[in-house]
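> here's a sequence, model it:
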Amino acid sequence: MENENNTEITAEAVKAAEDELAYAAKEIIKVCKENNILKEYFDERGEEAENIILNMLLSDELEDD
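So this is what the prediction gives:
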């Protein structure tokens, strides 16, 4: 029983962390747009640019080398 509770708590914590990360990534994109960072990239690709950057920020590929 205790193991099931720990699994539920862990799953909830992971979901909460993922939600926070997604929010932070969207805020980074918002700040970039407000400050004309990567302006040409956003202008050329539109919503696709947001999706690409969001996926990059949320992926495991940004690990330090």
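> low-confidence ranges, this protein, go.
Flagging of the chain using pLDDT under 70 yields the residue ranges 1-3, 60-65.
> helices of that one, start to end?
Using DSSP state H, the helices found in the chain span residues 2-34, 39-45, 47-58.
> as CSV, these with mean neighbour count would be great.
(C-beta placed from N, C-alpha, C; glycine too.) Putting these into CSV (neighbours: other CB atoms under 10 Å) gives the following:
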stretch, mean neighbour count
helix 2-34, 11
helix 39-45, 12
helix 47-58, 14
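> return the distance of residue 44 relative to residue 59.
22 Å (CB to CB, to the nearest Å).
> err, residue 34, not the other one
Look at residue 34 and residue 59: by CB to CB, they are 24 Å apart.
> try residue 51
Distance, residue 51 to residue 59, by CB to CB: 12 Å.
> check residue 31 too.
Separation of residue 31 from residue 59 (CB to CB): 20 Å.
> do residue 49 as well
Using CB to CB, one gets 16 Å for the distance from residue 49 to residue 59.
> check residue 15 too.
Applying CB to CB to residue 15 and residue 59 gives a distance of 18 Å.
> now residue 52
Here residue 52 is placed at a distance of 11 Å from residue 59 (CB to CB).
> repeat that for residue 36.
25 Å.
> next one: residue 35
Computed as CB to CB, the residue 35 to residue 59 distance reads 23 Å.
> in CSV, could you pull the C-alpha coordinates for stretch 4-18?
Extracted C-alpha coordinates of stretch 4-18, given in CSV (Å, rounded to 0.1, in the frame of the first residue of the first chain):
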residue,chain,number,x,y,z
GLU,A,4,1.4,2.6,-4.3
ASN,A,5,1.1,5.9,-2.5
ASN,A,6,4.8,6.6,-3.2
THR,A,7,4.2,5.9,-6.9
GLU,A,8,1.2,8.2,-7.0
ILE,A,9,3.1,11.0,-5.3
THR,A,10,6.1,10.5,-7.6
ALA,A,11,3.8,10.6,-10.7
GLU,A,12,2.1,13.7,-9.4
ALA,A,13,5.5,15.3,-8.8
VAL,A,14,6.7,14.5,-12.2
LYS,A,15,3.6,15.9,-13.8
ALA,A,16,3.9,19.1,-11.8
ALA,A,17,7.6,19.4,-12.8
GLU,A,18,6.7,18.9,-16.5
